[in-house]
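Engineer: Structural data only, the sequence is not supplied:
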């Protein structure tokens, strides 16, 4: 009987104590930064974001009013990319346009993710008639062309940044709701959910404490992919004249198209920043999806 049980030595205890517990999100972050291309994309995004926040503040007067002496001025030491038809510094204005693009992308993506997650969770958890009604509403809204929704909202609410954000949220939460519904349908019959229901836990507590946290990885990935989609949608609407009538990358690209042969820098600058930002966010989102996938863990 003594051969079956052996006391653990002090050295073995010391070896086991050397292991450090790593949280789920800590493991995700450590796997994320192991990818060098992802780190480069995150650094580029950080530089672009800081540039949009800081550079316009260094010389705010160069993009205000109308400077008659600098109208359509060529590139120089004072204006690296020249001046536009209003005499504004193209370089400073290009970075200022990123403020609106980032704000619209982040606000619209976050809002549509929150709404889509809540509606998708309610639909899948209660099921039955609730699920049927909500999903039929989603099907009807998806069948309506995107531009018709934007035009209708623009007629009712008028021009403005919040009009564009509202239009993007109205049409953007549908896909998130469907994605969340599919994930919750797989989880709501798990043993821990049934046990919570048997103990009389309220449905809202089950949804926010047990169901949504378990699909948070999918939600984060969808959020990272929704940000560039919202930024591109805002740029597209501004390009066709349905934007917020504010300085954004989309409106600057539209203005640059008018003088693309005479002053190509006015088109190239905002186009490169918009394309580079969308590319980096997409690559970070793909890497984040791989980091959150437990099947790819070693």
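Structural biologist: Looks like it arrived, so ask away. All figures in this text were calculated on a predicted structure; none of them were measured in a lab. Numbering: from 1, shown residues only.

Engineer: Mind picking out the helix or strand in the chain with the poorest mean pLDDT?
Structural biologist: When the helices and strands of the chain are scored by mean pLDDT, DSSP states H and E, helix 10-17 comes last with a mean of 49.

Engineer: Output the contacting helices and strands for the helix or strand that that one is followed by.
Structural biologist: Using DSSP states H and E, the next helix or strand after helix 10-17 towards the C-terminus is helix 24-33. Counting contacts by 3 or more C-beta pairs under 8 Å, 6 or more residues apart in numbering; DSSP states H and E, helix 24-33 packs against helix 265-292. C-beta: built from backbone N, CA, C; applies to glycine.

Engineer: Could you figure out how far the helix it packs on is turned away from helix 24-33?
Structural biologist: Relative orientation of helix 265-292 with respect to helix 24-33: 130 degrees, computed using axes from the mean of the first three to the mean of the last three C-alpha atoms, to 10 degrees.

Engineer: pLDDT on helix 265-292, on average?
Structural biologist: In this model, helix 265-292 carries a mean pLDDT of 86.

Engineer: ok, now stretch 176-190?
Structural biologist: 87.

Engineer: next one: that stretch to chain centre, how far?
Structural biologist: Chain-centre distance of stretch 176-190: 21 Å, with C-alpha atoms, centre = their mean, to the nearest Å.

Engineer: Any buried residues in it, and which?
Structural biologist: Residues of stretch 176-190 classed as buried by neighbour count (16 or more other C-beta atoms under 10 Å): 176, 177, 178, 179, 180, 181, 183, 184, 187, 188.

Engineer: For those residues, work out which two are farthest apart.
Structural biologist: Farthest-apart pair in the buried residues of stretch 176-190 is 176 and 188; separation 17.9 Å (C-beta to C-beta).

Engineer: so where's the chain shaky on pLDDT?
Structural biologist: 1-22, 24-25, 60-62, 65, 293-298 (pLDDT under 70).

Engineer: Show me the helices in the stretch 151-298 of the chain, by range?
Structural biologist: Under the criterion DSSP state H, counting those that start in this stretch, helices of the stretch 151-298 of the chain are mapped to 161-187, 191-198, 203-206, 216-239, 249-258, 265-292.

Engineer: Going by contacts, tell me the helices and strands next to the shortest one.
Structural biologist: Counting by 3+ C-beta pairs under 8 Å, 6+ apart, the packing neighbours recorded for helix 203-206 are helix 90-126, helix 191-198.
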